[in-house]
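Student: The following comprises the amino acid sequence and a computationally predicted model.
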Amino acid sequence: MEITTYRRHAADCKHKDDRYHPRCGCPLWFQFNWSQPDTTLDGNKLRHGQNKWSAETRIWSEAQTKAKRLNTDLEALLQGKPVRQNVTVKAAADEWHFVREPHAATSDARKSSRICART
């Protein structure tokens, strides 16, 4: 899948005639075509046809790295493979507690039985 990185220049930018200028300080964006039905990726809507997403950076090299990552995710989505998702620390901690909770009672019982056996 081809992802184009380009700049959306401010009205007063001296490089506004060149949307691919690498050293301008205007925001960078991605443009790509999605051939599948509408879906979402990391909370962003993927619409059939042309999509334009913010790169959320103004640095060209960072945008290129993000474009490669986006391309990998889109290819995985096309192939039906699981796609990584942005996970917050709170969500990870909540999931850990949820998984850990059923085992907590048995491990506490084992610890207390070992302590009682020592005395």
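Tutor: On my side now, so go ahead.
Student: Contacts for stretch 12-28 next, please.
Tutor: With contact meaning CB atoms under 8 Å, 6 or more residues apart in numbering, stretch 12-28 is reached by 5-10, 54-55, 57-60, 63. C-beta coordinates here come from the backbone N, C-alpha and C atoms, glycine included.
Student: Tell me the buried residues in that stretch?
Tutor: Neighbour-count burial for stretch 12-28 flags 15, 19, 21, 24, 26, 28 (criterion: 16 or more other CB atoms under 10 Å).
Student: for the contacts of stretch 12-28, which one is nearest residue 32?
Tutor: residue 5 (10.0 Å; CB to CB).
Student: from memory the closest one sits against residue 30, does it?
Tutor: Yes: Residue 5 lies in contact with residue 30 (CB atoms under 8 Å); the separation is 6.0 Å.
Student: so what sits against both of those two?
Tutor: By CB under 8 Å, 6+ apart, the residues touching both residue 5 and residue 30 are 55, 63, 67.
Student: Let me know the helix or strand that the second one is in.
Tutor: If I follow you right, that is residue 63. helix 60-78 (DSSP states H and E).
Student: other SSEs contacting that helix?
Tutor: strand 4-7, strand 28-34, strand 39-41 (3 or more CB pairs under 8 Å, 6 or more residues apart in numbering; DSSP states H and E).
Student: Would you mind checking the average pLDDT for the second one?
Tutor: Taken as a whole, strand 28-34 carries a mean pLDDT of 95.
Student: Residue 37 versus residue 96, what's the distance?
Tutor: To residue 37, residue 96 is 34 Å away according to CB to CB, to the nearest Å.
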